[in-house]
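Peer 1: Give me a model of this one.
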Amino acid sequence: MRLIERKLTSSQLIIIGFAAVILLGSLLLMLPAASRSGESAPFLDVLFTATSAVCVTGLVVCDTASSWSAFGHVVILLLIQVGGMGVVTAAAAVSMLSGRSIGLKQRSAMQEAISVSSMSGIVKTTGSILRTMLILELLGALALFPSMCASFGAVKGIGYSLFHSVSAFCNAGFDLMGAHTSYASLTAYAADPAVNIAIMALIVTGGIGFATWHDIGHHGWKIRKYRMQSKVILTTAGILIMLPAAYFYFFEFASMPAGERLLASFFQSVTTRTAGFNTADLTAMSESGQALMILLMLIGGAPGSTAGGMKTTTFAVLLAAAAAVCRRREHAHFYGRRVPEDTLRSAAAILTMYLMLFFFGGMAISRLESIALLPALFETASAIGTVGLTLGITPQLGGISRAILIGLMFFGRVGALTLVYAAFPAGGGAQCYPQEKITVG
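Peer 2: Okay, the predicted model is just below:
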């Protein structure tokens, strides 16, 4: 086992780790004890559910509350937790708890998994991340408990509070509200400020990235001392929450009472950052509103976070590059710092891969299922962005369409470049070709 591990790159270890956890989760969910009916669920259903949980997506083909037993819910919760912290980080946690030493290869994989610039102190940093995650999830559960207790009683309220806190922090979007109405998500709490604010806070905290936590923890409100990446993440996240919320407030939820309208606008804006909960009927939104949500789902959260998508930094780098071209400047920059050329190339490659897979996946599902293109694109954006929002078509999809979504969820959680680097670990060499100009634009 050690010999095999030494031959694998960090990217390959991450991919194999995620695939192994998905397979183990699928086998556990196939047990009769995991199903509420007491019978083994079909393999494609459990594979879809396990992939969605580990990839912290939230798309489901069967209602979580009514289809799975308490044992099944525990399995799904553990898969969400492992997927949210990252398989490599979870494995490191087990090694630290058991007192085993962590080798250079594992440290390199940990560095890649949490997106920090240096391997120095990586074990200590990982331990700090794990402690912070658990504390924030417990605080979130405490904030949710009064509302959950009022709805489900004290005993169930504890379990429901913990489940939804972990699901929100890990940006998973799984819920147990189907106990009342199937596929209801959090629509019953649309007017509950405590639930809305707690869930939004957990989503944002989980989605800004572990490296950003480090800057906030060490420098507090002294934002000037933050690294450039943390500044870009926080600025971009703020803009991508405020502007869509304003659009939803004025154009999508105008018929709601003022307080509920404000909560619904911010909640739908925040949840598209790969969280997957909803407090409003998404099918009742206009096509413009749904298209905006598709864009937000594709962008996703920050690198090294519990969120998926092509990442806020990728989006920000592409905008900075466009701004540099428009202003006839040689380099893209943020806060007095130049963006390296290889970062621009990586951002362009990631955008291209996400758009192609999202669009062609949507086209394929639209043709296979004979449905309109926009709903199909909404589902594929939700899958590749590991969001979990849906217009209600996922449970009705056929086997091939479900397989497409499974592939997109895995791609979205593992990451575009991780998959490319795993497939082509050696690189293309340093061959230099003659230069010739080509006209664009």
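Peer 1: now the helices for the stretch 151-300 of the chain?
Peer 2: Using DSSP state H, counting those that start in this stretch, the helices of the stretch 151-300 of the chain run over 154-169, 193-207, 210-219, 228-247, 258-271, 287-299.
Peer 1: now for the ones you listed, which one comes closest to Ala34?
Peer 2: The closest of these to Ala34 is helix 154-169. By C-beta to C-beta, the value is 15.3 Å. Placement of C-beta: from N, CA and C, glycine included.
Peer 1: C-alpha coordinates for that closest one, PDB please?
Peer 2: What follows is helix 154-169, C-alpha atoms only, in PDB (Å, rounded to 0.1, in the frame of the first residue of the first chain):
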ATOM      1  CA  ALA A 154     -36.600  18.100  21.600                       C
ATOM      2  CA  VAL A 155     -35.100  14.800  20.600                       C
ATOM      3  CA  LYS A 156     -35.600  15.100  16.900                       C
ATOM      4  CA  GLY A 157     -34.700  18.800  17.100                       C
ATOM      5  CA  ILE A 158     -31.200  18.000  18.300                       C
ATOM      6  CA  GLY A 159     -30.600  15.600  15.400                       C
ATOM      7  CA  TYR A 160     -32.200  17.900  12.800                       C
ATOM      8  CA  SER A 161     -30.200  20.900  14.100                       C
ATOM      9  CA  LEU A 162     -26.900  19.100  13.800                       C
ATOM     10  CA  PHE A 163     -27.700  17.600  10.400                       C
ATOM     11  CA  HIS A 164     -28.700  20.900   8.800                       C
ATOM     12  CA  SER A 165     -25.800  22.700  10.500                       C
ATOM     13  CA  VAL A 166     -23.300  20.300   9.000                       C
ATOM     14  CA  SER A 167     -25.100  20.300   5.700                       C
ATOM     15  CA  ALA A 168     -25.100  24.100   5.500                       C
ATOM     16  CA  PHE A 169     -21.500  24.600   6.700                       C
END
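Peer 1: what helices or strands is that helix leaning on?
Peer 2: Counting contacts by 3 or more C-beta pairs under 8 Å, 6 or more residues apart in numbering; DSSP states H and E, helix 154-169 packs against helix 70-85, helix 122-152, helix 193-207.
Peer 1: Turn the helices of the stretch 151-300 of the chain into CSV, including mean pLDDT.
Peer 2: Compiled in CSV, the helices of the stretch 151-300 of the chain are given as follows (pLDDT from 0 to 100):
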stretch, mean pLDDT
helix 154-169, 95
helix 193-207, 95
helix 210-219, 85
helix 228-247, 95
helix 258-271, 95
helix 287-299, 96
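Peer 1: Using JSON lines, please lay out those together with distance to Arg345.
Peer 2: Listed next are the helices of the stretch 151-300 of the chain as JSON lines, based on distance: least, C-beta to C-beta, whole Å:
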{"stretch": "helix 154-169", "distance to Arg345": "33"}
{"stretch": "helix 193-207", "distance to Arg345": "25"}
{"stretch": "helix 210-219", "distance to Arg345": "22"}
{"stretch": "helix 228-247", "distance to Arg345": "17"}
{"stretch": "helix 258-271", "distance to Arg345": "31"}
{"stretch": "helix 287-299", "distance to Arg345": "19"}
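Peer 1: So for Ala280, which of these sits nearest?
Peer 2: Comparison of the helices of the stretch 151-300 of the chain against Ala280 by C-beta to C-beta identifies helix 258-271 as nearest, at 5.0 Å.
Peer 1: What residues of that closest one count as buried?
Peer 2: By 16 or more other C-beta atoms under 10 Å, the buried positions in helix 258-271 come out as Glu260, Arg261, Leu262, Leu263, Ala264, Ser265, Phe266, Phe267, Gln268, Ser269, Val270, Thr271.
Peer 1: same check, this time on stretch 127-144
Peer 2: Of the residues in stretch 127-144, Ile129, Leu130, Met133, Leu136, Glu137, Leu139, Gly140, Ala141, Ala143, Leu144 count as buried by neighbour count, 16+ other C-beta under 10 Å.
Peer 1: Kindly report the same for stretch 55-66.
Peer 2: Cys55, Val56, Thr57, Gly58, Leu59, Val60, Val61, Cys62, Asp63, Thr64, Ala65.
Peer 1: quick one: low-confidence ranges for the stretch 301-441 of the chain?
Peer 2: Residues of the stretch 301-441 of the chain meeting the criterion pLDDT under 70: 425-430.
Peer 1: what about 80?
Peer 2: Along the stretch 301-441 of the chain, segments meeting pLDDT under 80 span 304, 416-432, 439-441.
Peer 1: Let me see the ranges of the helices in it.
Peer 2: With DSSP H, counting those that start in this stretch as the criterion, the stretch 301-441 of the chain has helices at 312-326, 341-369, 373-384, 399-414, 416-423.
Peer 1: need the least confident one among the helices and strands packed on helix 154-169, by mean pLDDT.
Peer 2: Here those differ in mean pLDDT, and the lowest is helix 122-152 at a mean of 89.
Peer 1: Which strands or helices does that helix pack on?
Peer 2: When contacts are defined as 3+ C-beta pairs under 8 Å, 6+ apart, helix 122-152 packs onto helix 70-85, helix 87-98, helix 104-114, helix 154-169, helix 193-207, helix 210-219.
Peer 1: Let me know which of these is the nearest to Ala237.
Peer 2: helix 193-207 (7.1 Å).
Peer 1: And that closest one, what's buried?
Peer 2: For helix 193-207, the neighbour count (16+ other C-beta under 10 Å) marks Val195, Asn196, Ala198, Ile199, Met200, Ala201, Leu202, Ile203, Val204, Thr205, Gly206, Gly207 as buried.
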